[in-house]
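Visitor: Got a predicted structure here, sequence first:
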Amino acid sequence: MPDSGSRFRLRALRRAELPEGTIGLARFLIGKWVVHDVDGIRLSGRIVETEAYPVGDAACHAFRGRTARNGSLFLERGHAYVYFNYGMHFLLNVSSESSGRGCGVLLRALEPRDGIAAMQRRRGATRVQDLARGPGRLAQALGVDLRHDGVDLCAGGALRLAVSNEKTGRIGRSVRIGLSREAHRVLRFFERGNPHVSGPKRLRET
DNA sequence: CGGCTGATGATCT
DNA sequence: GATCATCAGCCGG
């Protein structure tokens, strides 16, 4: 498996390393990696933007209880919750608390690392800066879809979370993007100054 | 850069 | 029938 990211001493994240609260996990995941080995190619990137959807948040898909769609949010932290949004995009989340508590962290943007040419083929020729800038683009670049809903991201499978020895930049926070409910809550996290972060400029500075 | 619009389909009321 | 954790394209400043 190609592994240009190995120059950063990448290793898989264990579940025990993940903070147990949703908001803490959203912050923790900034600077960590998502890796997807698919069709003999490694696709990966550093997470540079997340949003927390904690228990009791009216914007969280699990707010009204468990349904066929949102079941993965109720898995122990570190599992993928993937859903289909606006009739055309898949969005990748990480379940964030103990089994039975429905909540998660949306992965909103990556700084692409391994498999950039392959990700560009999946997305259509796009500048690297826009390859995984936004949650729909992120899933498309990584080849993530409903087949990955419920996958354990800490189990060493093809799709997984990882950490490198790089330093993470200063972390900013803001309100979340694209919501009508609970729109005022400051639950979005991002690496400040990173050009791969999505959203309007005013939400990339604080 | 910011702002707007249409595309497109699952989910829930 | 309304809503929706989006995106690409287009327009104006």
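Guide: Structure's in. What do you need? Numbers count the residues shown, from 1 in each chain, chains lettered A, B, ... in the order given.
Visitor: who in chain A is up against DNA strand B?
Guide: By C-beta under 7 Å from any atom of the strand, the part of chain A that sits against DNA strand B consists of A:64, A:67-70, A:84-88, A:200-202. Where C-beta positions appear, they are placed from N, C-alpha and C, glycine not excepted.
Visitor: so which of the residues you listed is the most crowded?
Guide: For the residues of chain A next to DNA strand B, the largest number of neighbours (other C-beta atoms under 10 Å) sits with residue A:70, at 20 neighbours.
Visitor: Which residue does chain A have closest to DNA strand C?
Guide: The nearest approach of chain A to DNA strand C comes at residue A:178, 2.0 Å away (C-beta to the nearest atom of the strand).
Visitor: what about the residue nearest to the spatial centre of chain A, which helix or strand?
Guide: For chain A, the residue nearest the mean C-alpha position is residue A:107 (2.2 Å; C-alpha atoms, centre = their mean). In the assignment (DSSP states H and E), residue A:107 maps to strand A:104-112.
Visitor: can you give me how far that strand is from the chain middle?
Guide: Taking C-alpha atoms, centre = their mean, to the nearest Å, one finds the center of strand A:104-112 at 3 Å from the center of the full chain.
Visitor: other SSEs contacting it?
Guide: Helices and strands touching strand A:104-112, by 3 or more C-beta pairs under 8 Å, 6 or more residues apart in numbering; DSSP states H and E, are helix A:22-28, strand A:41-53, strand A:89-95, helix A:135-142, strand A:188-191.
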